[in-house]
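Q: I need the structure of the sequence given here:
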Amino acid sequence: MPGNRTIILVVILLITVCITAYVLLVAIPRRMTEQSYEGARRIGRDLKELFQVTPEISVNNKIIVQQEAEIMELASLSQKFHHTYTWRNIRLGSTKEIEVSGTFESKAGFDLNEKFRIQITDGKATVQLPTPRLLSLELLGDIEFRDEHGYWNWVNAGDRTRAINAFMQDARRHANETLNSKKVNESTAGKLAQVIRAHVREVEIRAGGKVITPPSIDFPE
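A: Model prediction:
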């Protein structure tokens, strides 16, 4: 009889070990993976609601959510500025000038024709954004001209057209040169981190290959 008890105990022990191994090696990892997949889908829904853009989201290198967007731009920063430009033409020593001024609104952000990706691995989400850029520049309609004729070199309608074209080009140059990439990155990173942090343990955000530190955010425990 003692031998039978030993056999029974060994069988019970083996069954217990098998059940434990199944739970640890199969059931728990599967459940964690399923939770990660659902978390990825929720992140996609939350970001679409916030930005009208869904990034490509993958979990352990498996794509769970495809990138999609109605408009392929993610605008993060809008600012207005007044710009002045002087167009000149010299003919036979006589100079004519047209000073053009007006107010612009520029929008900076990310061109999503380049990839917007989120990779989730072991509870850490790594966000990949392209380099921020100027997305649009709009003249708000308060354009003003100040003409100065030369002695025999007078301003005409064609000069006005050339002056405004040069004015627009110079305003775009100015907007690009003064683009605050750091502010664009931080603004976007803050919003992304606030959404994603609810579904993962850790978030790392990169724009143009550089790690971006979002502004301090108090996340709920």
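
Q: Next, the contact list for residue 135, please.
A: 73, 75, 107-109, 111 (Cβ atoms under 8 Å, 6 or more residues apart in numbering). Heads up, the C-betas are built off the backbone N, CA and C, glycines and all.

Q: Turn those into CSV, columns for distance to residue 128.
A: Listed next are the contacts of residue 135 as CSV, based on distance: Cβ to Cβ, whole Å:
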residue, distance to residue 128
73, 17
75, 19
107, 22
108, 19
109, 15
111, 14
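
Q: Which one (most neighbours) among these?
A: The residue in these with the most neighbours, by other Cβ atoms under 10 Å, is residue 108 (24 neighbours).

Q: In strands, which of the contacts of residue 135 appear?
A: Residues of the contacts of residue 135 located in strands (DSSP state E): 73, 75, 107-109, 111.

Q: And the closest residue in space to residue 155 that isn't next to it in sequence, which helix or strand is it part of?
A: Spatial nearest neighbour of residue 155, excluding adjacent residues (Cβ to Cβ, 6 or more residues apart in numbering): residue 147 at 4.5 Å. Element membership for residue 147, per DSSP states H and E: strand 144-148.

Q: Verify the contact between residue 128 and residue 110 for me.
A: No: in this structure, residue 128 is not within contact of residue 110 by Cβ atoms under 8 Å, at 10.7 Å.

Q: Count the residues that sit near the residue nearest to residue 155.
A: Residues lying near residue 147 (other Cβ under 10 Å) number 14.

Q: Quick one: residues contacting it.
A: 96-98, 155.

Q: could I get those residues as a markdown table with distance to residue 191, pLDDT and neighbour count?
A: Output for the contacts of residue 147, formatted as a markdown table (distance: Cβ to Cβ, whole Å; pLDDT from 0 to 100; neighbours: other Cβ atoms under 10 Å):
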| residue | distance to residue 191 | pLDDT | neighbour count |
| --- | --- | --- | --- |
| 96 | 50 | 90 | 20 |
| 97 | 45 | 92 | 18 |
| 98 | 43 | 90 | 22 |
| 155 | 48 | 84 | 18 |
